[in-house]
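Peer 1: Starting from these lines, generate the structure:
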Amino acid sequence: MNAIAPAQQASTLRALIQRHSRELSEELANHRVASFPPSAAKTFRRLQPSEAARLLGVNEGYLRQIAAKGETASPVAVNGRRTYSVDDLHNIRNALAKRPRADRRYLQHRVDGEHLQVITVMNFKGGSGKTTTAIHLAQYLALNGYRVLALDLDPQASLSSLFGLQPDLDVATNETLYGAIRYDGQRTPLSAIVRSTYIPNLHLVPANLELMEFEHETPRALISHAGQTLFFDRAAEALAQVQAAYDVVVIDCPPQLGYLTLSALTAATSVLVTIHPQMLDVASMNQFLQMTGDLLEVVAQSAPGGESAGYDWMRYLVTRFEPSDGPQNQMVGFLRSLFGDHVLNHPTLKSTAISDAGLTNQTIYEVERAQFTRATYDRALEAVNLVNSEIESLIRRAWGREG
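Peer 2: Alright, predicted model coming up:
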């Protein structure tokens with residue numbers, strides 16, 4: 001039997017991979033058309049009165065009074081009970097904020113002296129709950145009255161998919177952050193790339209494989225960068241173009257330490273590292289921290305001012321935590337003894353409600369409670385809310401709103 005020449009073998013492998021890529025893309029497109037028609041758009045479920053009242057910070061009786069007065073669009077009755085859309089929630093917030101002597105709880109927008117919060121969510125290892133954390137945080141903040149920009153920096157585009165996009169079909173050339181940070185004359189203002197989503201005050205910069213061009217082009221640009229902003233400042237430069245429109249930016253980083261991740265790090269005011277409490281994951285994080293520290297030192301030495309002016313906070317978030325798992329509890333105890341207050345008090349629990357929601361590109365905020373047992377849903381929702389509330393407190397503290 002004749003051996004296959006290396007060149008022929010590579011060509012055969014390339015053809016196989018390309019064919020599988022085409023077939024998979026076609027099937028995903030067919031599945032999307034069947035379950036999510038082109039004329040449809042992803043929407044957020046309707047909110048029960050108790051949920052709407054809690055998000056607004058008022059009691060249900062007061063919410064009923066607002067609805068009865070017709071100050072905003074009338075809520076829709078389902079089974080004889082009012083329900084509210086996220087647009088209703090947004091309109092009620094704005095109406096309440098305009099009332100005489102209204103306090104700041106209705107609209108949490110930044111004021112003079114409060115800088116844009118850029119939260120980089122990252123980890124070296126895939127499967128740590130990074131994207132799940134990013135989208136839940138972005139939705140939580142938007143639903144609670146903040147203006148939020150979700151920035152998908154992962155070429156795999158999982159965050160974009162959770163927002164209802166199919167990256168290879170719905171995101172065209174120059175429609176990712178790459179369009180705003182590329183090195184040639186085709187750069188696009190970030191404001192032209194940002195998209196609205198189905199949640200008011202939550203916008204998205206989507207991702208796809210185009211982002212890999214930045215990883216490929218940066219080494220060449222480092223050799224001949226005359227007059228150009230170096231790679232680590234380009235994301236911050238792009239965000240500066242739109243910062244007046246937002247209170248918080250949540251960046252979902254790729255699971256590797258490349259130029260994109262370093263650019264996000266130097267743009268960040270705060271860093272959230274997700275960690276699954278198992279030995280292999282913690283060992284991987286050790287390598288991640290070593291490499292990150294070394295690379296940031298190189299960045300700082302390469303150009304004065306290239307490093308971030310200073311972080312407001314850095315925290316580790318324990319994800320996919322199982323309270324009944326003894327080894328996981330030991331690992332969490334080890335992390336707390338080592339990093340102290342840098343570990344968030346509340347972990348994200350491992351939950352079928354969260355994982356099952358992800359199968360249909362939804363979050364725990366989007367799925368209906370009736371799809372799960374009450375205990376399962378409520379436990380998952382409470383855990384996610386506790387994490388996000390803790391992060392919200394860090395944001396407010398960075399603005400000087402809380403001691």
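Peer 1: Can you tell me the closest non-neighbouring residue to residue 41?
Peer 2: In space, not counting the residues next to it along the chain, residue 41 is nearest to residue 198; the distance is 6.7 Å by CB to CB, 6 or more residues apart in numbering. C-beta coordinates here come from the backbone N, C-alpha and C atoms, glycine included.
Peer 1: Touching, that neighbour and residue 43? I think so.
Peer 2: Yes - under the contact definition of CB atoms under 8 Å, residue 198 touches residue 43, with a separation of 5.2 Å.
Peer 1: Can you verify the residue nearest to residue 41 is assigned to a helix?
Peer 2: No - inclusion of residue 198 in a helix is not indicated when DSSP: H, G, I helix; E, B strand; the rest coil is applied; the result is coil.
Peer 1: which ones are touching it?
Peer 2: Residue 198 sits next to 41-44, 86, 164 when contact means CB atoms under 8 Å, 6 or more residues apart in numbering.
Peer 1: from these, which would you call buried?
Peer 2: 44, 86, 164 (16 or more other CB atoms under 10 Å).
Peer 1: Any idea how many residues pack against the residue nearest to residue 332 when sequence neighbours are not counted?
Peer 2: When the adjacent residues along the chain are set aside, residue 332 lies closest to residue 277, with 5.1 Å between them (CB to CB, 6+ apart). One way to gauge burial is a neighbour count; for residue 277, by other CB atoms under 10 Å, it gives 22.
Peer 1: how near is residue 277 to residue 292?
Peer 2: Computed as CB to CB, to the nearest Å, the residue 277 to residue 292 distance reads 20 Å.
Peer 1: Please apply the same query to residue 27.
Peer 2: Here the criterion is CB to CB. By it, residue 27 lies 38 Å from residue 292.
Peer 1: out of these two, which sits in the more crowded spot?
Peer 2: Taking neighbours as other CB under 10 Å, residue 27 and residue 292 compare with residue 292 leading, 19 against 10.
Peer 1: Contacts only, for the more buried one.
Peer 2: For residue 292, the set of contacting residues under the criterion of CB under 8 Å, 6+ apart consists of 257, 265.
Peer 1: do the same with residue 174
Peer 2: Applying CB under 8 Å, 6+ apart, the residues contacting residue 174 are 182, 186, 188, 193, 210.
Peer 1: Now do the contacts for the last one.
Peer 2: Taking CB under 8 Å, 6+ apart as the criterion, residue 210 is in contact with 155, 171, 173-176, 178-179.
Peer 1: which of those residues are buried?
Peer 2: Neighbour counting with 16+ other CB under 10 Å marks 155, 171, 175-176, 178-179 as buried within those.
Peer 1: Could you single out the nearest of those residues to residue 355?
Peer 2: Distance from residue 355 was checked for each of the buried ones among the contacts of residue 210 by CB to CB. The minimum falls on residue 155, at 23.3 Å.
Peer 1: List the single closest residue to the closest one in space, sequence neighbours excluded.
Peer 2: Closest residue to residue 155 apart from its sequence neighbours, by CB to CB, 6+ apart: residue 211 at 4.4 Å.
Peer 1: roughly how far apart are the one you found and residue 59?
Peer 2: 46 Å.
Peer 1: what about the two, which has more around it?
Peer 2: Between residue 211 and residue 59, counting by other CB under 10 Å, residue 211 is the more crowded of the two (24 against 13).
Peer 1: so what's the more buried one up against?
Peer 2: Contact analysis of residue 211 by CB under 8 Å, 6+ apart lists 153-155, 176-178, 254, 260.
Peer 1: Report pLDDT for it.
Peer 2: Confidence per residue is given as pLDDT, and for residue 211 that number is 96.
Peer 1: quick one: it from residue 383, how far?
Peer 2: According to CB to CB, residue 211 stands 31 Å off from residue 383.
Peer 1: Please enumerate the strands of the stretch 201-350 of the chain.
Peer 2: Read by DSSP state E, counting those that start in this stretch, the stretch 201-350 of the chain holds these strands, from start to end of the chain: 202-205, 248-252, 270-275, 313-318.
Peer 1: Let me have those strands in TSV, adding mean neighbour count as columns.
Peer 2: Rendered in TSV, the data for these read as follows (neighbours: other CB atoms under 10 Å):
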stretch	mean neighbour count
strand 202-205	24
strand 248-252	28
strand 270-275	24
strand 313-318	20
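Peer 1: can you put those in CSV and add mean pLDDT and distance to residue 335?
Peer 2: Below are those laid out as CSV (pLDDT from 0 to 100; distance: least, CB to CB, whole Å):
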stretch, mean pLDDT, distance to residue 335
strand 202-205, 98, 31
strand 248-252, 98, 22
strand 270-275, 92, 7
strand 313-318, 93, 7
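Peer 1: So which of the buried ones among the contacts of residue 198 sit within helices?
Peer 2: If you go by DSSP state H, those have residue 86 in helices.
Peer 1: of all the buried ones among the contacts of residue 198, which comes closest to residue 16?
Peer 2: residue 164 (30.9 Å).
Peer 1: so what's that closest one up against?
Peer 2: If a contact means CB under 8 Å, 6+ apart, then residue 164 has 36, 41-42, 198, 361 as its contacts.
Peer 1: Closest one of those residues to residue 326?
Peer 2: Minimum distance to residue 326 across those is 33.9 Å, recorded for residue 361 (CB to CB).
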